[in-house]
Structure formats: C-alpha cells, structure tokens
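[1] Predicted structure and sequence below. I'll ask about it afterward.
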Amino acid sequence: MQDKTFDAFNDQARQFFEPMRKLNSLMLQNMERVSEYQMESLKRYSQMGTERLRDATEVTDAESLRDFGTRQAEMMNALSQQMLEDARTLGEMSLQFKAELEQLYTESGQAFAEQAGQAAEAAKPAAAAKPTAEKSEAAEKPAPAKSTSQATRKRSGGSAS
C-alpha cells in the first residue's frame, strides 16, 4: 500500500517538475551553443588582431607602410563583414531558441490542460457518489427525538406531573 502511494507521489512529482527540467535543459543547450559560437568568434578576432600586429612589425619603410595601410583597410572591411555575419548568426540562434521555448510552453500548457481535465473527470464520479451516499445514510438513520421543555408543555396544556 505504501509502495503504491509512494510511487504515485513520485510520478506526480516527476510530472510536476518535467516542464521545468525541459526548460532548464533547453536554456543550458542554448547557452552552450551561444558560448561556443562566441568563443569561436573571439578566436577569429584575436587571430585577426595578432596578424595585424605581426604585419605592423614588418613595416620598415614608406612603401611597406603604404602596403600595410592597404592591407589594414582590407582587414577592416573583412572584420566588419565578419561582425555582420556573427550578428546575423546570433540573431538566428536567438530566433531558434525563441521557437523552441514557444514549443515547450505550448506542450507544457497542453499537458497541464490534459492533467486538469483528467483531474476534473476523476472528481466528477467522486462528487456524484458522495451525495447519494449521504442520502442513503440519512435514510437509514432514525430522526432524533424531540425534546420539550416544561414551559412548552405548560403552554400546550399538558401537565408536568
């Protein structure tokens, strides 16, 4: 008896916390994806910066300075393109996360509605059985005896002796 009750309690607790577990898992997956992408972006940007510093150390005369300036302008263009691509990718990631969250909330809402419906259906037979049980108990019990006081008997003309 206790095992069944304990198992039922565990199942209810599992069902209760399942949406929160799914939400936490979804948020963790999203955080991992975004962090990983940001780390890759940081690596690309730091490599670009390191290359620029190496190129700057190779400047020895006016001609190499002019070449460095040209490559610097090209690098800035590539950097701005990379930043736009990174922003676009992060935007897509956030839209994907939003869609996954909406799906999770929809599923959780439907599951909650189903559970509420099942609970309401289970409560209907119990509520319907309760009044009939009370009526049958009332029919079986004799009515309580009425007590009368001496004052009531005197008014009705009865004698107390």
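    Thanks, I have it.
[2] pLDDT score for residue 17?
    At residue 17, the pLDDT value in this model is 84.
[3] so where's the chain shaky on pLDDT?
    Judged by pLDDT under 70, the chain has its weakly predicted residues at 1, 126-161.
[4] now the helices: where do they sit in it?
    Ranges of helices within the chain are 2-57, 62-140, 150-155, based on DSSP state H.
[5] Format those as TSV; extra columns: mean neighbour count.
    Any C-beta I mention is one placed from the backbone N, CA and C, and that applies to glycine too. Shown next, in TSV, are the helices of the chain (neighbours: other C-beta atoms under 10 Å):
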stretch	mean neighbour count
helix 2-57	11
helix 62-140	11
helix 150-155	10
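[6] can you tell me how far residue 48 sits from residue 59?
    From residue 48 over to residue 59 the distance is 17 Å, taken as C-beta to C-beta, to the nearest Å.
[7] er, residue 75 I mean
    The gap separating residue 75 from residue 59 is 14 Å, by C-beta to C-beta.
[8] again with residue 80
    Counting by C-beta to C-beta - residue 80 and residue 59 are separated by 23 Å.
[9] same check, this time on residue 20
    For residue 20 relative to residue 59 (C-beta to C-beta), the value is 58 Å.
[10] Same question for residue 40.
    To residue 59, residue 40 is 30 Å away according to C-beta to C-beta.
[11] How about residue 102?
    54 Å.
[12] now do residue 87
    32 Å.
[13] Residue 4 too?
    According to C-beta to C-beta, residue 4 and residue 59 sit 81 Å apart.
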